[in-house]
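Enquirer: Sequence first, predicted model second:
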Amino acid sequence: MRLHAVVILGFGCLVAALTIGRAGAQDDAAKNELKKLEGTWATVSIEAAGQKLTDEDKIKTRKLTMKGEKYTLKVGDETVQGTIEINPTKKPKTIDVKPDSGSNKGKTLLGIYELDGDNLKICLAAPGKERPTAFGTAPEIGQQLVVYKREKP
């Protein structure tokens, strides 16, 4: 009986250590990835409801700046700030956007992202919708796909 309890306790400690180890590795991966995301990003293209946005003024005036877990999105005269949480260990990588201002203040937008050097793709679901599983949009799924290019300092 005693041996049985020791085996169960040992197994429990092993599972806890592995879980903590994975969480620690995930946290380290997220910190490293957040550093790669830092900077100012110019918008290349925007797609929503299966249609590419063709308003060049909206595209050219949209800038995303990231520093750590904080972001600022400037679209023309409007500025939205908030925080992001990422998980670069998932396939595709996940991002949760939490605006502190604007029309989505207090909501969480679930998304996926892909970072390829100075190119960044973010696909976000509308508030309350499920996280996208692929980079694309369609009228019935309520997602937005934005492609960014890192601005040189």
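Expert: Arrived safely.

Enquirer: so which helix or strand takes in the spatially most central residue of the chain?
Expert: The C-alpha lying nearest the average C-alpha coordinate of the chain belongs to Ile95 (C-alpha atoms, centre = their mean; 2.0 Å). Ile95 is part of strand 93-99 when elements are defined by DSSP states H and E.

Enquirer: what about that strand, distance to the chain center?
Expert: 3 Å (C-alpha atoms, centre = their mean, to the nearest Å).

Enquirer: picking up where we left off before, what residues are up against the residue nearest to the centre of the chain?
Expert: Taking C-beta atoms under 8 Å, 6 or more residues apart in numbering as the contact definition, Ile95 lies against 84-86, 111-113, 122, 124. For the C-beta atoms, the positions are set from N, CA and C on the backbone; glycine is no exception.

Enquirer: Bridged to it, which residues?
Expert: With DSSP bridges as the criterion, Ile95 is bridged to Ile86, Gly111.

Enquirer: Can you give me the pLDDT of it?
Expert: Taken from the predicted model, the pLDDT recorded for Ile95 is 98.

Enquirer: How about Asp28?
Expert: 88.

Enquirer: just to revisit the earlier point, pick out whichever of the contacts of Ile95 sits closest to Phe135.
Expert: The nearest member of the contacts of Ile95 to Phe135, counting by C-beta to C-beta, is Ile112 at 7.0 Å.
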